[in-house]
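Asks: Quick one: sequence plus predicted model below, questions after.
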Amino acid sequence: HPAPILSLANAFGADDARAWFERIKKIDDRVEKAKFVVEPKIDGLSVVLHYRDGVFAQGATRGDGEVGEDITSNLRTVRTIPLRIPVEANAKITVPKYLVVRGEAFLPIKEFEELNRKLEEAGEKTYLNPRNTAAGSLRQLDPKLTASRPLTMLVYQIIHSEGGKVPTSQWEILEYLKALGFPVTDVAKRFDDLEKAIAYTETWDKRRDKLPYEADGMVIKIDDLRLAGDLGFVGKDPLGAIDFKFPAREVTTSLLGIDVEVGRT
């Protein structure tokens, strides 16, 4: 990767998010007046896409954050990934000569359930969850098999660019990516202060089932990317963003029976 593909530190509730805010304020007092962007934390496979002169040239998994697995052939089969940008030929927008973006590849919940239904009808083994299915689909040796899966993607970050200007705020990045023709989330919002960002994040705990994909939280990001970059990172976690986790799901199940087997010993 042209730059480290970092992970995120977790916040388990509003108090954790406020504690993160207090910590980064001590590093840079500009944080006090920062705006914030809230986006869904999609439970999929992190993917990095390379474009040269507006043409999709390479795609890779996140891997260890430094080196990923080349899955270019498989990514070419994902219909929502543009093979050329901007998608609209008459779009009045400049594209850097070399652009690297990051997004999350996933199987929408409805499509995952339909896939399992068809496999069950055919007497084949069904899949456990959308995330593992998406990851396995993109790592197939045969791109035709990847193409048969209803994979999609949402893009949310510019990792690297050369030969052209890109926006310097997260909100403008999302608008810029959308204008280029990339699929971006439609539930992201920008807020003037952290408390409003937290309040919006908490509303999605009860509404997470309304999202068409699996999400385990919402990401709160400092909108000013230069400020976020100046804050640096701890380990592999950038200090300019936090993953606000939803509480774990709780369900009731019934024990229908116990089968006991005697082994060799």
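Replies: Here it is on my side, so go on. Residues are numbered from 1 along each chain as shown.

Asks: show me where the stretch 51-200 of the chain has strands.
Replies: 55-61, 98-106, 152-162, 189-191 (DSSP state E, counting those that start in this stretch).

Asks: what's the most buried one of the ones you listed?
Replies: A comparison of the strands of the stretch 51-200 of the chain by mean neighbour count, using mean count of other C-beta atoms under 10 Å, puts strand 98-106 on top with a mean of 23. Yep, even glycine has a C-beta here, placed from its N, CA and C like the rest.

Asks: what angle do that strand and strand 152-162 make?
Replies: 160 degrees (axes from the mean of the first three to the mean of the last three C-alpha atoms, to 10 degrees).

Asks: Tell me the strands beside strand 98-106, with direction?
Replies: strand 45-52 (antiparallel), strand 152-162 (antiparallel) (DSSP bridges).

Asks: Can you add mean pLDDT and distance to Ser73 and give the strands of the stretch 51-200 of the chain back as CSV?
Replies: Formatted as CSV, the strands of the stretch 51-200 of the chain follow (pLDDT from 0 to 100; distance: least, C-beta to C-beta, whole Å):
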stretch, mean pLDDT, distance to Ser73
strand 55-61, 95, 9
strand 98-106, 95, 14
strand 152-162, 95, 16
strand 189-191, 96, 36
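
Asks: ok, Gly65 - contacts?
Replies: Contact analysis of Gly65 by C-beta atoms under 8 Å, 6 or more residues apart in numbering lists His1, Pro4, Ile5, Leu6, Ser7, Lys236.

Asks: Let's see that with 10 Å instead.
Replies: When contacts are counted by C-beta atoms under 10 Å, 6 or more residues apart in numbering, Gly65 touches His1, Ala3, Pro4, Ile5, Leu6, Ser7, Ser46, Lys236.

Asks: quick revisit: got the strands paired with strand 98-106 as TSV, with distance to Gly240 columns?
Replies: Listed next are those as TSV, based on distance: least, C-beta to C-beta, whole Å:
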stretch	distance to Gly240
strand 45-52	17
strand 152-162	12
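
Asks: who wins for proximity to Arg23 among those strands?
Replies: strand 152-162 (22.4 Å; C-beta to C-beta).

Asks: Return the angle between stretch directions for that closest one and strand 55-61.
Replies: Going by the same axes, to 10 degrees, strand 152-162 makes 110 degrees with strand 55-61.

Asks: Can you give the distance of strand 152-162 from its chain's centre?
Replies: 10 Å (C-alpha atoms, centre = their mean, to the nearest Å).

Asks: For the residue nearest to Thr77 when sequence neighbours are not counted, give me its contacts.
Replies: Excluding the flanking residues, the one nearest Thr77 by C-beta to C-beta, 6 or more residues apart in numbering is Ala147, at 3.7 Å. The contact partners of Ala147, by C-beta under 10 Å, 6+ apart, come to Asn74, Arg76, Thr77, Val78, Arg79, Ser137, Gln140.

Asks: tell me how far stretch 80-99 is from the chain's mean position?
Replies: Stretch 80-99 has its C-alpha centroid displaced from the chain centroid by 21 Å (C-alpha atoms, centre = their mean).

Asks: measure that stretch end to end?
Replies: Taking C-alpha to C-alpha, to the nearest Å, the first and last residues of stretch 80-99 lie 18 Å apart.

Asks: so the nearest residue to Glu162 once chain neighbours are set aside bridges to which residues?
Replies: Closest residue in space to Glu162, ignoring its immediate chain neighbours: Tyr98 at 4.2 Å, by C-beta to C-beta, 6+ apart. Listed by DSSP bridges, the beta-bridge partners for Tyr98 are Arg52, Glu162.

Asks: ok, Tyr98 touching Ile158?
Replies: No - counting by C-beta atoms under 10 Å, Tyr98 sits too far from Ile158 to count as a contact (11.2 Å).

Asks: OK, contacts around Ala135?
Replies: By C-beta under 10 Å, 6+ apart, the contact set of Ala135 is Gly44, Leu45, Ser46, Thr61, Ala105, Phe106, Leu107.

Asks: my bad, should have said Ile85
Replies: Applying C-beta under 10 Å, 6+ apart, the residues near Ile85 are 49, 51, 53-56, 91, 93, 95-96, 99, 101, 177, 179-182.
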